[in-house]
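Asks: Sequence below, structure please.
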Amino acid sequence: MAYISFQPSDYFNTKLYTGTSSGNQAVTGVGFQPDWIWTKNRVDAFGSNLYDAIRGTGYYLQSNNTSTSQSAVTSLISFDSDGFTVGTGDNVQYTSNNGVAWNWKANGQGSSNTDGSINTTYTSASTTSGFSISTYTGTGANATVGHGLGVVPNIVLVKSTSNGEHWCMYNSNLGNTSRLLLNLTNAVETSRSEWQSTTPTSSVFSVDGSDQVNGSGSKTYVAYCFAEKKGFSKFGSYTGNSNADGAFIYTGFRPGWIMIKRYDSGTEDWNMWDSKRIGYNISGNDKLFANLNNAELTTEDAIDILSNGFKLRSTNGGFNNSSGSYIYMCFAESSIVSSNGVPATAR
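Replies: Residues are numbered from 1 along each chain as shown. This is a model prediction of the structure:
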């Protein structure tokens, strides 16, 4: 029996590309028109650039800092039917270097969502894959914001686009009084009020009046929301053991993208892997960091990507310290069995 009625690659795909700097460059082979694109230079110390179809081309945020939405007409030129087109900017061309782009599909620019006390400017939602993008203007008071997923989200990631605020994350594994900051190594912060101590519902998530998530004075925000879909996405937690023969994390699919953060320590980075950047089991895994502009790390035997999950292969405290507590986000490259009936295999 199929876990899902669609192919994971219809809604998430990793694309590797090499910049040319010779003019606008079409990057094809994504397989769909992406609505959220996260790009990173693999060789040089450039920050990650995050684009979405609501804010439009030429506007990006960076996951490794608190900067506002940046405007660069030479960066992303267009969202295309099979990928995207980049301009001549150094922040996307990565001349003579290897770039990676992680691509998610929602529902184009979308439309205003009126489920919450704040009407979103736009909400682009895929109820199939459990992913939505929303933009809204803050009120400075307790409020709710519609996410359009039709089910309760596990992850809510909010960033101010108009002010220099942290990337603020709600994670269902940590509860509604906690937050993580994507741009920092900080441990989980508890007894927080950003989510009004209220778990999201199938229609809205709650925010307080803080500048992090809902400040007054026409401050603007973008929210990326994720609901777990069996066979496509998994958002969980585990405990490390400091053993090179580490824990196996079952996801129910072959992972295409994995991000792990130790949340009980304030010294560890947000580690990211995917199944396209080489690192065959168990000979090294090419790792990038959401909170750093560092080049790719290629010298560590970190994880095995398997047909039904991933296995820890390092004693690195960033993802496998003894008694360390970790959360992870994972999206599928292929389900164990999806709509085509073809089983997933390890890489």
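Asks: Going by C-alpha atoms from here, please, whenever you check contacts or count neighbours.
Replies: Will do.
Asks: Residue 191 - how many residues pack around it?
Replies: Residue 191 has 11 neighbouring residues, counting by other C-alpha atoms under 10 Å.
Asks: Show the contacting residues for it.
Replies: By C-alpha atoms under 8 Å, 6 or more residues apart in numbering, the contact set of residue 191 is 177, 178.
Asks: how about it, secondary structure?
Replies: Under DSSP: H, G, I helix; E, B strand; the rest coil, the three-state class of residue 191 is coil.
Asks: Now do it, the pLDDT please.
Replies: According to the prediction, residue 191 has pLDDT 96.
Asks: Also residue 1?
Replies: pLDDT, residue 1: 43.
Asks: With residue 298 instead?
Replies: 85.
Asks: Number the residues from 373 up from this point.
Replies: Let's use 373 as the start, then, which means that last one is residue 670.
Asks: How many residues are close by the residue nearest to it when sequence neighbours are not counted?
Replies: Nearest residue to residue 670, sequence neighbours excluded (C-alpha to C-alpha, 6 or more residues apart in numbering): residue 658, at 4.6 Å. Residue 658: 24 surrounding residues under other C-alpha under 10 Å.
Asks: And residue 658, how close does it get to residue 472?
Replies: 11 Å (C-alpha to C-alpha, to the nearest Å).
Asks: ok, now residue 495?
Replies: Relative to residue 472, residue 495 is positioned 26 Å away (C-alpha to C-alpha).
Asks: do the same with residue 571
Replies: With the distance defined as C-alpha to C-alpha, residue 571 ends up 34 Å from residue 472.
Asks: Ok, residue 584 next?
Replies: Taken as C-alpha to C-alpha, the span from residue 584 to residue 472 is 29 Å.
Asks: mind giving me the domain ranges of this structure?
Replies: Using automatic domain parsing, the domain ranges for the chain come out as 380-476, 494-598, 605-707.
Asks: Go through these and name the closest to residue 482.
Replies: Checking these against residue 482 by C-alpha to C-alpha gives domain 494-598 as the closest, at 4.2 Å.
Asks: rewinding a little: model confidence for the residue nearest to residue 670, exactly?
Replies: So residue 658 comes in at 88 (pLDDT).
Asks: pretty sure residue 680 is touching residue 628, no?
Replies: No - using C-alpha atoms under 8 Å, residue 680 makes no contact with residue 628, being 11.1 Å away.
Asks: could I get the domains of the chain as CSV with distance to residue 488?
Replies: Below are these laid out as CSV (distance: least, C-alpha to C-alpha, whole Å):
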stretch, distance to residue 488
domain 380-476, 19
domain 494-598, 4
domain 605-707, 25
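Asks: closest to residue 487 out of these?
Replies: By C-alpha to C-alpha (comparing all of these), the closest turns out to be domain 494-598, at 5.0 Å.
Asks: That closest one spans what distance, first to last residue?
Replies: Domain 494-598 end-to-end distance (C-alpha to C-alpha) = 16 Å.
Asks: quick one: it to chain centroid distance?
Replies: Averaging C-alpha positions (C-alpha atoms, centre = their mean, to the nearest Å) puts domain 494-598 14 Å from its chain's average.
Asks: Stretch 602-616 now?
Replies: With C-alpha atoms, centre = their mean, you get 16 Å for stretch 602-616.
Asks: mean confidence score for that stretch?
Replies: So the average pLDDT for stretch 602-616 ends up being 96.
Asks: now the end-to-end length of stretch 466-475.
Replies: 18 Å.
Asks: Now do it: everything it contacts.
Replies: Looking at stretch 466-475 with C-alpha under 8 Å, 6+ apart, the contacting residues turn out to be 383-393, 402, 406-416, 464-465.
Asks: List buried residues within the residues you listed.
Replies: 383-391, 393, 402, 406-414, 464-465 (16 or more other C-alpha atoms under 10 Å).
Asks: Inside strands: which ones of the residues you listed?
Replies: Applying DSSP state E to the buried ones among the contacts of stretch 466-475, the entries found in strands are 384-390, 408-413.
Asks: And the residues you listed, which is closest to residue 504?
Replies: Among those, and counting by C-alpha to C-alpha, the member closest to residue 504 is residue 408, at 9.5 Å.
Asks: how close does the closest residue to the closest one other than its chain neighbours get to residue 449?
Replies: Leaving aside its sequence neighbours, residue 408 sits nearest to residue 424 (C-alpha to C-alpha, 6+ apart; 4.3 Å). Residue 424 is 12 Å from residue 449, where distance means C-alpha to C-alpha.
Asks: Please apply the same query to residue 693.
Replies: From residue 693 to residue 449 the distance is 42 Å (C-alpha to C-alpha).
Asks: same thing with residue 623?
Replies: Taken as C-alpha to C-alpha, the span from residue 623 to residue 449 is 35 Å.
Asks: if you count what's nearby, which of the two comes out ahead?
Replies: Using other C-alpha under 10 Å as the criterion, residue 623 and residue 449 rank with residue 623 on top: 24 against 20.
Asks: for the residue nearest to the more buried one when sequence neighbours are not counted, phi and psi?
Replies: Distances taken as C-alpha to C-alpha, 6+ apart place residue 681 nearest to residue 623, at 4.7 Å, with adjacent residues excluded. Main-chain torsions, residue 681, degrees, to the nearest 10: phi 160, psi -150.
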